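Participant: Generate coordinates for the sequence data below:
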Amino acid sequence: MDIFTDLNPSQQEAVSYTDGPSLVIAGAGSGKTRVLTYKIAYLLQRGVPANHILALTFTNKAAREMKNRIMQLVPEGDARYLWMGTFHSICARILRQEAEKMGYTRDYSIYDTTDSKSLVKQIIKSMQLDDNIYKPSLVLSRISAAKNALISYEAYARDRALTERDRFDRLYEMAELYRLYDARLKAANAMDFDDLLKNICLLFQTNADVLHYYQSIFQYVLVDEYQDTNYAQYMIVKMLAEPENQICVVGDDAQSIYSFRGADIRNILTFRQGYPDAKLFKLEQNYRSTQTIVKAANSLIHHNENQIYKEVFSEKAVGETVQLTSYSSDRDEAAGVAEIIVKKYKKQLDDVAVLYRTNAQSRVFENELRKNGIAYRIYGGTSFYQRKEIKDALAYFRLCSNPLDNESFQRVIDLPSRGIGDMTVRKVSQCAITDNCGMLAVAGSPVEHDLHVSVTTMKRLKEFAKMMQHFSDEMESRNAYDFAEMVLNESGLMASFLSDKSTEGRERKENLDELLSAIHDFVDQRLQEGIDFTPIQDFLAEVSLLTDQDDNLKDLTPRVTLMTVHAAKGLEFPYVFIVGMEENLFPSQYCTKPSEIEEERRLLYVALTRAMTNVYISFAKSRFRNGSVSFASPSRFLNDIDRTYLRLSSSAPSAPRPSSAYTRKDEQERVRIDGRTLNSLQSISRTADKKSEAKPIVKTVTSEWKPGDRVEHRVFGQGTVKSIYVDNDNEKIDINFDKVGKKTLLLTYAKLSKVES
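Facilitator: I've put the predicted structure just below:
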């Protein structure tokens, strides 16, 4: 098939260029993922073997969606062996093969943030440090930053700037904490997320033969969201792409907002300095938003000095101007937003998002939405795989796979209760440290390790170790699902929730059932890919690398989405409310350097470009913060948005709010913003020239379905097809389901079956 018919001229140029390094600067909503997907399909069509293409993404979800799209563009089977996944999953895959060279076994564990924080807490306690100063999250963030910058604990201790910073914060033992943390991870045959990147760099730097081997495999290297890469990721890409430098990176410097995670915008801004012969492509057509939203966002971001200039444009409708509203207080702001939602979008709640700078801002909006009977979800809450009972089950599986995993041992040794207390666990831990072995080994041979516990406790420890050995013996002969089912039943974990008749107990039992279902689906998917046997280790590797965005909870209730702007990146909504646009809040009070202010401006750019149809921006003149009401000034960024695209709205809710600290003024008030003045709605609102309104591009959709067809969906049940169309460069299908009402699905992933009449 001719894949270029689906691409605009700029996209075609970016896809077809394969003669050297290239940088694709993709504006918001410009089809970035499409270009990356089609470029891989183009390489496959040209005869490049799938296993010689490496595509690096930032979420497993993005990798899966891209691979599914590619498989629709090329003959079945051609894309099966692509090296496609997140940086962490690809690094984990390579390290599984090369682990021995780094002093690990192939069954090493991957510690998530909870596991890492637990280990840090233990080390802080063992060193008798004040956890009010040595806060585990702070300690872990500094270790993480060091690893992402490829700074070892030895180099950390020698770095004057780092040690002076730690002394200023009274973290005098920070370097030693880093050393002990690394040592404990290594002793447990475990790596944290950052180790996956750091260790792959170390592997390549110290094993030239290994590096040359993978360089020979990866003929083409493609990277998504390049603006979000840190130094370790930059080095991984650089080493793997050499010496041919057949590398294509795609990203948008205007959406670089993760410096707090180690992302370095210089990687994308200076790409052409590192690759002087690199060709630059710009994707500037936005398929998501109205012309007004795009122009408003452009006018904002052009105030940044450090950027690769582009002029994003839209051929969608001109659209309404951005509504700017001032409120007397944060409570009035929440009430005003809730009122607009009730009046205009009560039947479209899934289309509405409220974006804020900090998580703490959600409280007042939750209160007002509840008062108005509006359902909502907070994006980024506790994900399925972070729930206690799920982590307990996974800890059993991990300990079976890796007997040196002491974090998992401590989690499950008395779960369900076996009469083994904390004192015994501490003694087992001390023996393991002294004898340089795993805690499970101590439990299995307490006498040999000189463990001083009662005869009864010794018996319980040995019974546990015997059970775990039995599980390990069965692991190699059972697929992941059969093994998991056996462990949950024979460990007593499932039974402990069956006997709990409380609502919480029932929910936990249901969650364990859902975990088994997830493992079953995983095994089944692998069977479809031609993999006959899937061990539990493969499932653990998949789960350990999931991100919040990869967790898909099946909540069918229409809800308003509440989230931070950081969490909203990569998403889109027809109607977006950007709230709390005040100095010291947005931009944050902690951002004072010019580079930090520019990142805050990029953050607002991301917020604006999440919207498809309407944007509402608001700020409060007073806000309850840190236990008291304080005056607030409008954000400086409001001056950066061209007033042509703004209109000032009345802030008066329909019902009086006597609890507000301030009285409302009438609609004609003038709102002073950072020394300049925005006039009222009548004077600043400019209606776009209707004659210039561009007609949307209409594309025909080839589908086996047509309006009126009766179909069945595995989640929503039976329904009737209403329409099939292209929206935001995606083929969509509207269906009126008998039980849950109208749903809009992506045609590619709908997985519908026909209902015979």
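Participant: A helix includes residue 462, no?
Facilitator: Yes - counting by DSSP: H, G, I helix; E, B strand; the rest coil, residue 462 falls inside a helix.
Participant: Pull the number of nearby residues for residue 586.
Facilitator: With neighbours defined by other C-beta atoms under 10 Å, the count for residue 586 comes to 27. C-beta here means a position set from N, CA and C on the backbone, and glycine is covered the same way.
Participant: For the closest residue to it other than its chain neighbours, give me the pLDDT.
Facilitator: Nearest residue to residue 586, sequence neighbours excluded (C-beta to C-beta, 6 or more residues apart in numbering): residue 357, at 4.3 Å. Looking at residue 357, its pLDDT stands at 92.
Participant: now do residue 80
Facilitator: 80.
Participant: Give me the secondary structure label for the closest residue to residue 354 other than its chain neighbours.
Facilitator: Among residues not flanking residue 354 along the chain, residue 577 sits closest, at 4.6 Å (C-beta to C-beta, 6+ apart). On the three-state scheme (three-state DSSP), residue 577 is labelled strand.
Participant: what is residue 577 paired to in the beta sheet?
Facilitator: residue 354, residue 616 (DSSP bridges).
Participant: That one and residue 616 touch, don't they?
Facilitator: Yes - using C-beta atoms under 8 Å, residue 577 is in contact with residue 616, at 4.6 Å.
Participant: Tell me which of those two has more neighbours.
Facilitator: Higher neighbour count among residue 577 and residue 616: residue 577, with 28 against 22, using other C-beta under 10 Å.
Participant: what's near enough to touch that one?
Facilitator: Under the criterion of C-beta atoms under 8 Å, 6 or more residues apart in numbering, the contact list for residue 577 reads 337, 340, 352-355, 615-618.
Participant: Kindly report the same for residue 355.
Facilitator: So residue 355 contacts 563-565, 568, 576-579, 607, 610 (C-beta under 8 Å, 6+ apart).
Participant: Show me which of those residues is closest to residue 140.
Facilitator: residue 564 (20.4 Å; C-beta to C-beta).
Participant: Beta-bridge partners for the closest one, please?
Facilitator: Beta-bridge partners, per DSSP bridges, of residue 564: residue 356.
Participant: Let me know the outermost residue of this protein.
Facilitator: Relative to the C-alpha centroid of the chain, counting by C-alpha atoms, centre = their mean, residue 455 is the outermost residue, at 48.6 Å.
Participant: Which of the contacts of residue 577 has the largest number of neighbours?
Facilitator: residue 355 (31 neighbours).
Participant: for the stretch 51-200 of the chain, what spans make up the helices?
Facilitator: 60-73, 87-98, 113-126, 136-148, 153-158, 160-168, 174-187, 193-206 (DSSP state H, counting those that start in this stretch).
Participant: quick one, which of those is nearest to residue 476?
Facilitator: So among those, helix 87-98 is nearest, using C-beta to C-beta, at 15.9 Å.
Participant: Quick check: which helices or strands does the closest one pack against?
Facilitator: Secondary-structure packing of helix 87-98 (3 or more C-beta pairs under 8 Å, 6 or more residues apart in numbering; DSSP states H and E): strand 53-57, strand 83-86, helix 193-206, helix 231-241, helix 536-544.
Participant: could you redo these as a markdown table and give each row mean pLDDT and distance to residue 510?
Facilitator: Shown next, in a markdown table, are those (pLDDT from 0 to 100; distance: least, C-beta to C-beta, whole Å):
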| stretch | mean pLDDT | distance to residue 510 |
| --- | --- | --- |
| strand 53-57 | 94 | 32 |
| strand 83-86 | 92 | 29 |
| helix 193-206 | 96 | 29 |
| helix 231-241 | 96 | 38 |
| helix 536-544 | 86 | 18 |
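Participant: Now distance to residue 437 and mean neighbour count too, for the ones you listed, in TSV please.
Facilitator: Output for the helices and strands packed on helix 87-98, formatted as TSV (distance: least, C-beta to C-beta, whole Å; neighbours: other C-beta atoms under 10 Å):
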stretch	distance to residue 437	mean neighbour count
strand 53-57	37	24
strand 83-86	33	22
helix 193-206	21	21
helix 231-241	31	20
helix 536-544	21	21
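Participant: Redo the ones you listed as a markdown table? Include distance to residue 153.
Facilitator: Shown next, in a markdown table, are the helices and strands packed on helix 87-98 (distance: least, C-beta to C-beta, whole Å):
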| stretch | distance to residue 153 |
| --- | --- |
| strand 53-57 | 27 |
| strand 83-86 | 26 |
| helix 193-206 | 11 |
| helix 231-241 | 15 |
| helix 536-544 | 23 |
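Participant: For residue 220, find the nearest of these.
Facilitator: Of the helices and strands packed on helix 87-98, the one closest to residue 220 (C-beta to C-beta) turns out to be strand 53-57, at 5.1 Å.
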